[in-house]
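J.: Below is the structure, and that's it, no one-letter string:
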């Protein structure tokens with residue numbers, strides 16, 4: 001086995017700072033309390049984020065409703081008035097926490113750097129809305145975007161799907177669903193940032209190698225699964241896209257992974273699975289980073305690796321969604 005590059009000590013300091021600032025969490029007595037605490041931690045991270053180079057920028061935003069009770073935020077980059085590509089993006093957070101607000105800095109920077117309109121989806125969260133609610137919202141967002149893109153300067157023939165972590169899971173599953181009967185002409189690319197592609201019971205080594213101390217704890221990821229899909233078979237490809245038997249024709253796909261992430265191995269395995277069937281895969285691997293490294297505000301504010309990866313993602317997105 002190849003020796004691992006040491007974990008970035010600056011990232012270790014950030015994670016230690018966050019842990020110290022939060023203090024020892026009280027032991028929740030109910031599952032509802034644990035859900036509330038997890039969501040509260042994400043809000044605290046949002047409020048404590050530092051200033052980020054390049055923000056604010058000239059990207060305009062507009063909050064919209066794509067279905068009853070399901071909202072999204074449009075990011076409209078500056079530039080020529082001609083139609084622009086559209087990325088439909090699903091945030092991470094284990095299908096339980098996370099929000100459009102948490103990913104707002106990342107979406108603003110990505111939209112500006114790529115010139116791509118972003119529709120960031122506020123999908124319904126578990127456990128109040130378990131599987132398949134978030135997946136249904138994702139598919140609704142695709143339909144809404146193709147029907148409404150021209151109203152806000154988008155091009156309905158140039159759609160990309162993307163997401164990070166659990167949002168990457170939703171993007172991957174939705175793409176497999178959409179492409180199961182042939183690659184839709186409008187779907188130009190698929191962006192998967194450290195995606196969830198397999199159930200913890202699969203036993204990928206990164207679950208034990210990176211079980212604690214790197215931001216996303218293995219036990220927390222298992223708990224997220226219990227909230228989202230406790231009654232679903234672990235090898236169902238609608239929750240574990242790595243288990244799909246017949247991979248459909250997919251558009252060019254970018255997969256980003258981090259060495260110190262419990263989701264590392266399933267992300268790498270998914271990239272290799274898509275490559276094996278002829279999908280044009282770009283794999284970005286961060287050998288000294290952890291979960292969330294290119295998307296979370298505090299990472300984007302402090303680390304050159306995060307900004308370099310964001311720039312690579314933007315360039316790839318601009319190229320793969322470009323009009324022909």
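T.: On my side now, so go ahead. What you see is a predicted model, and the numbers here were worked out from it, not measured in a lab. Numbering: from 1, shown residues only.
J.: where do the strands sit along the stretch 51-200 of the chain?
T.: 60-67, 70-76, 84-90, 117-122, 154-164, 187-193 (DSSP state E, counting those that start in this stretch).
J.: Any chance of TSV for those strands, columns mean neighbour count?
T.: For glycine as for every other residue, the C-beta is placed from the backbone atoms N, C-alpha and C. Formatted as TSV, the strands of the stretch 51-200 of the chain follow (neighbours: other C-beta atoms under 10 Å):
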stretch	mean neighbour count
strand 60-67	14
strand 70-76	20
strand 84-90	28
strand 117-122	26
strand 154-164	24
strand 187-193	27
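J.: Let me have these in JSON lines, extended by mean pLDDT and distance to residue 290.
T.: Listed next are the strands of the stretch 51-200 of the chain as JSON lines, based on pLDDT from 0 to 100; distance: least, C-beta to C-beta, whole Å:
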{"stretch": "strand 60-67", "mean pLDDT": "96", "distance to residue 290": "29"}
{"stretch": "strand 70-76", "mean pLDDT": "97", "distance to residue 290": "26"}
{"stretch": "strand 84-90", "mean pLDDT": "96", "distance to residue 290": "20"}
{"stretch": "strand 117-122", "mean pLDDT": "98", "distance to residue 290": "23"}
{"stretch": "strand 154-164", "mean pLDDT": "97", "distance to residue 290": "13"}
{"stretch": "strand 187-193", "mean pLDDT": "98", "distance to residue 290": "13"}
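J.: Can you lay out those as JSON lines showing distance to residue 33?
T.: Below are those laid out as JSON lines (distance: least, C-beta to C-beta, whole Å):
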{"stretch": "strand 60-67", "distance to residue 33": "30"}
{"stretch": "strand 70-76", "distance to residue 33": "26"}
{"stretch": "strand 84-90", "distance to residue 33": "26"}
{"stretch": "strand 117-122", "distance to residue 33": "23"}
{"stretch": "strand 154-164", "distance to residue 33": "26"}
{"stretch": "strand 187-193", "distance to residue 33": "30"}
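J.: right, and these - which one's nearest residue 134?
T.: Judged by C-beta to C-beta, the one of those that comes nearest to residue 134 is strand 84-90, at 7.6 Å.
J.: quick one: residue 281 and residue 256 touch, right?
T.: No: using C-beta atoms under 8 Å, residue 281 makes no contact with residue 256, being 11.3 Å away.
J.: Looking at those two now, which is surrounded by more residues?
T.: For residue 281 versus residue 256, the count of surrounding residues by other C-beta atoms under 10 Å is larger for residue 256: 25 against 19.
J.: That one contacts residue 313, correct?
T.: Yes: Residue 256 is within contact range of residue 313, at 7.2 Å (criterion: C-beta under 8 Å).
J.: Need the residues touching each of those two.
T.: 193, 284, 294 (C-beta atoms under 8 Å, 6 or more residues apart in numbering).
J.: As JSON lines, those with distance to residue 202 would be great.
T.: Listed next are the shared contacts of residue 256 and residue 313 as JSON lines, based on distance: C-beta to C-beta, whole Å:
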{"residue": "193", "distance to residue 202": "20"}
{"residue": "284", "distance to residue 202": "23"}
{"residue": "294", "distance to residue 202": "25"}
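J.: Could you give the secondary structure assignment for residue 235?
T.: The three-state assignment at residue 235 reads coil, by DSSP: H, G, I helix; E, B strand; the rest coil.
J.: Can you report how many residues lie near residue 101?
T.: Other residues close to residue 101 by other C-beta under 10 Å number 14.
J.: do the same with residue 291
T.: Residue 291: 25 neighbours (other C-beta under 10 Å).
J.: got the phi/psi numbers for it?
T.: Per-residue torsions, residue 291: phi -50, psi 140 (degrees, to the nearest 10).
J.: repeat for residue 302
T.: Dihedral angles (degrees, to the nearest 10) for residue 302: phi -120, psi -20.
J.: Report pLDDT for it.
T.: At residue 302, the pLDDT value in this model is 91.
J.: residues touching it, list them.
T.: Contacts of residue 302 (C-beta under 8 Å, 6+ apart): 10, 14, 50.
J.: you'd agree residue 174 is up against residue 161?
T.: Yes: between residue 174 and residue 161 a contact is recorded at 6.1 Å, counting by C-beta under 8 Å.
J.: joint contacts of these two?
T.: Common neighbours of residue 174 and residue 161 (C-beta under 8 Å, 6+ apart) are 138, 142.
J.: sec struct for residue 11, please.
T.: Secondary structure for residue 11, judged by three-state DSSP, is helix.
J.: Can you get me a residue count around it?
T.: Quick note: residue 11 (other C-beta under 10 Å) scores 24 neighbours.
J.: That one contacts residue 292, doesn't it?
T.: No: checked against C-beta under 8 Å, the pair residue 11 and residue 292 is beyond contact range at 10.2 Å.
J.: Could you name every residue contacting both of those two?
T.: Common neighbours of residue 11 and residue 292 (C-beta under 8 Å, 6+ apart) are residue 299.
J.: Please tell me how far residue 78 sits from residue 274.
T.: Distance of residue 78 to residue 274, computed by C-beta to C-beta, to the nearest Å: 34 Å.
J.: what about those two, which has more around it?
T.: More crowded of residue 78 and residue 274, by other C-beta under 10 Å: residue 274, with 22 against 11.
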